[in-house]
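Q: what follows is a predicted structure for the sequence shown.
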Amino acid sequence: MDRLELKARITTDEAGTITGLAWPFGSPDQVGDLIEKGAFKFPSKLPMLFAHDQAQAIGVWDSIEETPEGLTVKGRLFVNDVSRAREVRALVKEEAVTGLSIGFVTRKSTPRRDGGRTITALDLHEISVVPVPMHPGARVTSAKAADVTEITETPNLKGKTVENEDDKKPDFTEVEAKMNARMDKIEAKLNRPVAANDNEPKPAPEMKSFISFVRKGVERLTPDEMKSMTVANDNAAGYLAPPEFSSEIIKLLRQYSPIRQYAKVTSISTPEIKLPRRTGSTTAYWVAETDDRTSTQMSYEQIGFTPFELAAYSDISNALLEDNAYNLEGELADDLAESFGIKEGTAFVTGDGSGKPNGLLATGAIANEIKTGAASTMPTTNPADKLIDLYHFLPNAHAQNAVWLMNRNTLATVRKWKDGNNNYLVVNPITASAPLTLLGRPIVEVVDMPDIAANTSPIIFGDLQGYRIVDRISLGILRDPFTLATKGQVRFHARKRVTADITHPDRFVRLKVAA
């Protein structure tokens, strides 16, 4: 009783004024619905749509009234502003579009003996122009400014075609019948009584066994029920609750440095890559008109990147792979990827270049530093000036792209520091997705950065595009079912090759705590 109903297929568009009969009284439509006079409730104006498509507004109905004949409407097509309106006008002129259709919500109705309903109250929402209306009598009676004086539609839709004078148009009866049949199936499904289990399918064997276990205890389970629950008896397998009780495995939070998200990342297809780095620039000299010119040259060095390998493997029993209620292989792949991310993230910060990448805190990696007082006094002395020195140490071009790197403990201390006007240096984000900012630049929490302590560098300010990560092989996982086949196990090998180093040390500066 509260759904939007489309009582005709609309098709009639014209530039100028359209007058028509949207619904005739006294006769039912093709599905047996009959609307009585006085049933319509409508506003002073309604949108004119094409084929009930809200994205195709082509005009407005200025006049709507109930007459003895039916619901009579008069409206205007926006032919000067809407291209679709001009197209519809052409269709009306060629008698390709001849009908009107109404969209409404039924408020009150009673069933008719011959099928359908007698509708005595409804809310009219829109009137559309359509090729074939639901009610044979809904038609465009005039469409001015298009040389179309009258377009009528024959109510005979029984045959293969509908004839109108000497033009023949295709019959839509077969299409309507299919659409009505589909609608009947949908309505029947919606009206189906709800069973005690809310029409849900039967539970899976694991679910049934789990319910039996909860109700009867493990000693009263049948062998089949026990089999559907038990994977193994050791810690590598154990009992798994069915997916209806748990759809994911609960994991402990594992954090790792997000350096890869900000650094410059390159993939290579060779064992090594060398990048040239400029160490000296040309110099210009002031000279007199006839003075000798001075030679000047650029100088370069090469930085070599040789990827290091990360590797691990894990053994899983065939029984667990076959019987577990989870996607264990996918879970293992995710866990290995997370472990590799943690390991390489640590290297990107503290790596010493020996069998692993060079990190940002590697010895001599960042020569630029601003020294501060003793670690014991930093939380109370409020060395805000040192942070300002860090910011202005870098050239403006680098400072505008730089971020602050520190761990969460250091950030907790820095957030308490204030400027001379008693304003906090760290500014909370405007939106939930934005980062904290310090002196206008984002703060990146890096879990592997050290805490504030003697002889440490707990804060780095710099442009991470000056740190290069080189991937030779991204994380790959190989499933080996043969090596441990006699033990009923599958071995999963994971490996990747990656290296990293600072390419532009002049883009970084670090805060150095006194020893």
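A: Now that the structure is in, tell me what you want to look at.
Q: now name the helix or strand holding residue 85.
A: helix 83-93 (DSSP states H and E).
Q: got the buried residues for that helix?
A: For helix 83-93, the neighbour count (16 or more other CB atoms under 10 Å) marks 84, 85, 86, 87, 88, 89, 91, 92, 93 as buried. For glycine as for every other residue, the C-beta is placed from the backbone atoms N, C-alpha and C.
Q: enumerate the beta-bridge partners assigned to residue 275.
A: residue 303 (DSSP bridges).
Q: follow-up on the earlier one: list just the nearest of the buried residues of helix 83-93 to residue 364.
A: Nearest to residue 364, judged by CB to CB, of the buried residues of helix 83-93 is residue 84 at 69.7 Å.
Q: next one: the following helix or strand past the helix holding residue 85 to chain centre, how far?
A: Counting by DSSP H and E, the element after helix 83-93 in chain order, helix or strand, is strand 99-111. Here the centre of mass of C-alpha atoms in strand 99-111, compared against the chain's by CA atoms, centre = their mean, to the nearest Å, lies 39 Å away.
Q: next one: stretch 441-452
A: On CA atoms, centre = their mean, the centre of stretch 441-452 falls 29 Å from the chain's centre.
Q: go on, stretch 39-53?
A: Using CA atoms, centre = their mean, the distance from the centre of stretch 39-53 to the centre of the chain it belongs to is 36 Å.
Q: now the end-to-end length of that stretch.
A: End-to-end distance for stretch 39-53: 24 Å, by CA to CA, to the nearest Å.
Q: and what of stretch 295-304?
A: End-to-end span of stretch 295-304 (CA to CA): 30 Å.
Q: show me which residues of it are buried.
A: Buried-residue list, stretch 295-304, by 16+ other CB under 10 Å: empty.
Q: can I get the buried residues of helix 83-93 in CSV including pLDDT?
A: As requested, the buried residues of helix 83-93 are arranged in CSV below (pLDDT from 0 to 100):
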residue, pLDDT
84, 82
85, 83
86, 82
87, 82
88, 81
89, 78
91, 79
92, 72
93, 73
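Q: in JSON lines: those, plus distance to residue 124.
A: What follows is the buried residues of helix 83-93, written out as JSON lines (distance: CB to CB, whole Å):
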{"residue": "84", "distance to residue 124": "22"}
{"residue": "85", "distance to residue 124": "21"}
{"residue": "86", "distance to residue 124": "26"}
{"residue": "87", "distance to residue 124": "26"}
{"residue": "88", "distance to residue 124": "21"}
{"residue": "89", "distance to residue 124": "24"}
{"residue": "91", "distance to residue 124": "24"}
{"residue": "92", "distance to residue 124": "22"}
{"residue": "93", "distance to residue 124": "28"}
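Q: part of a strand, is residue 345?
A: No. Assessed with DSSP: H, G, I helix; E, B strand; the rest coil, residue 345 is helix; it does not lie in a strand.
Q: is it true that residue 24 touches residue 68?
A: No. Residue 24 lies out of contact with residue 68 (CB atoms under 8 Å); the separation is 10.3 Å.
Q: which of the two has more neighbours?
A: Using other CB atoms under 10 Å, the more surrounded residue of residue 24 and residue 68 is residue 24, with 18 against 8.
Q: beta partners of that one?
A: Applying DSSP bridges, one finds that residue 24 bridges with residue 70.
Q: per-residue pLDDT, it?
A: Looking at residue 24, its pLDDT stands at 85.
Q: look up how far residue 504 lies from it.
A: 81 Å (CB to CB, to the nearest Å).
Q: then residue 74?
A: In terms of CB to CB, residue 74 sits 74 Å off from residue 504.
Q: can you report phi and psi for the closest residue to residue 488 other than its chain neighbours?
A: Distance criterion CB to CB, 6 or more residues apart in numbering; nearest residue to residue 488, sequence neighbours excluded, is residue 318 at 5.0 Å. When read as degrees, to the nearest 10, the backbone of residue 318 gives phi -60, psi -40.
Q: got a list of what residue 318 touches?
A: 488, 489, 490 (CB atoms under 8 Å, 6 or more residues apart in numbering).
Q: now swap in residue 278 and tell me
A: Here residue 278 is in contact with 298, 299, 300 (CB under 8 Å, 6+ apart).
Q: nearest to residue 271, of those?
A: residue 300 (22.3 Å).
Q: who's the closest spatial neighbour of the closest one, skipping the chain neighbours?
A: Residue 300 sits nearest to residue 276 (CB to CB, 6+ apart), 4.9 Å away.
Q: cool, residue 37 as well?
A: Nearest to residue 37 is residue 25, by CB to CB, 6+ apart, at 5.1 Å.
Q: now the phi/psi pair for the one you found, please.
A: Taking degrees, to the nearest 10, you get phi -90, psi 160 for the backbone angles of residue 25.
Q: in terms of contact, does it touch residue 40 like I think?
A: No. Here residue 25 does not reach residue 40: they are 10.3 Å apart, not a contact under CB under 8 Å.
Q: need the overlap of contacts for those two.
A: Contact criterion CB under 8 Å, 6+ apart; residues shared by residue 25 and residue 40: 66, 71.
Q: low-confidence stretches in the stretch 351-500 of the chain?
A: Along the stretch 351-500 of the chain, the model assigns pLDDT under 70 to residues 379-380.
Q: how about the helices in the chain?
A: 83-93, 173-190, 205-216, 223-229, 259-262, 318-323, 328-350, 378-381, 384-393, 396-399, 408-414 (DSSP state H).
Q: quick one, what contacts residue 503?
A: Contact analysis of residue 503 by CB under 8 Å, 6+ apart lists 264, 275, 277, 303, 466, 467, 468.
Q: how about 10 Å then?
A: Counting by CB atoms under 10 Å, 6 or more residues apart in numbering, residue 503 makes contact with 263, 264, 275, 277, 303, 305, 465, 466, 467, 468.
Q: most neighbours, which of those residues?
A: The most crowded member of the contacts of residue 503, judged by other CB under 10 Å, is residue 467 (27 neighbours).
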